[in-house]
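[1] below: sequence and its predicted model.
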Amino acid sequence: MREPKQNRFRRVAEARVNKIIKMVRLLGNCSNSAVYAYTQEQVQQIFATLQDELDRARKRYAQSYKRQFTLTDGESVSLPEYPTIVQLLPDGTRLRAVAYDDESYPAINIYWDTDRPENNGPICFAEYDPERSPCHEVCIGAYQSDKTDTIYYKPYMAERESHE
């Protein structure tokens, strides 16, 4: 008789999560500066990549997605699609800043990641908009779940307008 899918999932997922936890703890051992030398950029790269993989796993939970990570100099380094910084908050949620290097409209978006995916999403941004008038190309805005339009940060714009 075949193992029920629910039982198989529980067995396999528990084993894999425990392996990942063990590997993360081993990665933490690399923080011993008496044995290893590293830069903050390398540490940021490691954790941004790990967070990116976790985000991808969450979104594509049952799909296979393989990518190798390396810190080797001179070789192509596997990075998240866009540079990402994650800040863990005291309540266990995370703020995630993603830099989009779009040729025409480069931007940094801030996302709030919670355990409730329906609450997740962008909360604010800073972007360069070349179509705006001179000295107003950089825009700062916030999203509000109860509104469809973006709310622009007016004090920033007012300050910029007073210097024209």
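    Now that the structure is in, tell me what you want to look at.
[2] ok, longest helix in the chain?
    Ranked by residue count under DSSP state H, the longest helix found in the chain is helix 5-29.
[3] how far off centre is that one?
    Relative to its chain's centre, helix 5-29 lies at 22 Å (CA atoms, centre = their mean, to the nearest Å).
[4] name the residues that touch that helix?
    Contacts with helix 5-29, where a contact means CB atoms under 8 Å, 6 or more residues apart in numbering, come from 3, 46, 50. C-beta: built from backbone N, CA, C; applies to glycine.
[5] for Asn109, grab the count of nearby residues.
    Other residues within reach of Asn109 by the criterion other CB atoms under 10 Å amount to 19.
[6] phi and psi next, for it.
    Asn109 adopts backbone torsions of phi -110, psi 140, taken as degrees, to the nearest 10.
[7] partner residues bridging it?
    Taking DSSP bridges, one obtains Val98, Phe125 as the residues bridged to Asn109.
[8] confidence score at it?
    We have a pLDDT of 89 for Asn109.
[9] and what of Val86?
    As predicted, Val86 sits at a pLDDT of 86.
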